[in-house]
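> Okay, predicted coordinates and the sequence, questions at the end:
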Amino acid sequence: GVLLTALSASAGLAALGMAVWSSRGRTTVTCESLQRLGSDLGLKHNPECMMTTNAQGDGELRQVGVGKLSGCIDALPVQVKVSSIGTSVAPLHNIQSTVRLKPALGCPVHIRPEGTLASLQKLAGAQDILVGDQPFDARFLIQGEDEAAVKALLTPELRDRLLAFSDEHGELTLTSTQLHFTTQTLGGNIDKMRDAIEAQLMLARLLTGRKATTPAQPLPH
């Protein structure tokens, strides 16, 4: 994520945090649209805060907004965090969404994208379970204590869904206790965020044997 250094906490900046963001006419993720997303999904919206930062190190101060959603959908705890920083083109949004798996999976597992860090870990001797599905094995670093149990977990349906999610929405990590995805968008819109979170919930339901029948409930604060 972007390192946020708060330089001001004035009332003026607080007021800006509730304003609708726009950049050269492009649609952006705003406090208002995050609130709408939370309402659509049944998640509680934590009011956006506004800060000023020079996160890009170029001497130019930029406004940064951080918004959060939290709650339970089908008894699965969900938390979403969006941090947005202004650029000369359009706001850059860093999106993180986590769904906790309840109950947790029966076998310890850690599946994450084959990025630079994972490749370095493999070179250093990190375990990589191969399931015999070349596109999946090439995309993810798969680790677990019980190789047979991990392979049994990764059914063809689950592998296809994990690949499809990563192709469409962003980097996805699966452990025995949660599904987590991160992505960045320049500008972006609320419909794509809702689609990604709903697809993440479908995966969580598949992993925990749920059906989408329970009304969403905000988490108490």
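It's in.
> Going by C-alpha atoms from here, please, whenever you check contacts or count neighbours.
OK.
> what's the single longest strand in the protein?
Identified as the longest strand of the chain according to DSSP state E is strand 62-73.
> Now do the strands in the protein.
Taking DSSP E as the criterion, the chain carries its strands at 44-53, 62-73, 76-85, 92-100, 109-113, 140-144, 171-175, 178-186.
> Need phi/psi at Lys102.
Summarising the backbone geometry of Lys102 under the convention degrees, to the nearest 10, its torsions are phi -130, psi 110.
> Excluding covalently adjacent residues, which one is nearest to it?
Leu76 (6.3 Å; CA to CA, 6 or more residues apart in numbering).
> pLDDT wise, what is the one you found at?
The pLDDT attached to Leu76 in the predicted structure is 95.
> residues of stretch 100-117 that come out buried?
By neighbour count on 16 or more other CA atoms under 10 Å, the buried set for stretch 100-117 is Arg100, Leu101, Lys102, Cys107, Pro108, Val109, His110, Ile111, Arg112, Pro113, Glu114.
> Lowest pLDDT pick from these?
The member of the buried residues of stretch 100-117 with the lowest pLDDT is Glu114, at 81.
> quick one, what contacts that residue?
For Glu114, the contacting residues are Ala138, Arg139, Phe140, Leu141, by CA atoms under 8 Å, 6 or more residues apart in numbering.
> mind checking which of the strands of the chain is nearest Leu130?
The stretch from the strands of the chain with the least distance to Leu130 (CA to CA) is strand 140-144; that distance is 7.3 Å.
> what helices or strands is the longest helix along the chain leaning on?
Of all the segments of type helix in the chain, defined by DSSP state H, the longest one is helix 190-208. Packing partners of helix 190-208 (3 or more CA pairs under 8 Å, 6 or more residues apart in numbering; DSSP states H and E): helix 31-41, strand 92-100, helix 156-168.
> now do 10 Å
Contact analysis of helix 190-208 by 3 or more CA pairs under 10 Å, 6 or more residues apart in numbering; DSSP states H and E lists helix 31-41, strand 76-85, strand 92-100, helix 156-168, strand 178-186 as its packing neighbours.
> I'd like to know which of the buried residues of stretch 100-117 is nearest to Ser166.
For Ser166, the nearest member of the buried residues of stretch 100-117 is Pro113. The distance, counting by CA to CA, is 8.7 Å.
> Quick check: bridge partners of the closest one?
When bridges are called by DSSP bridges, Pro113 pairs up with Phe140.
> repeat for Asn46
Partner residues in beta bridges with Asn46: Lys68, with DSSP bridges as the criterion.
> list the contacts for it?
Cys31, Leu34, Gln35, Gly38, Val66, Gly67, Lys68, Leu69, Ser70, Lys81, His221 (CA atoms under 10 Å, 6 or more residues apart in numbering).
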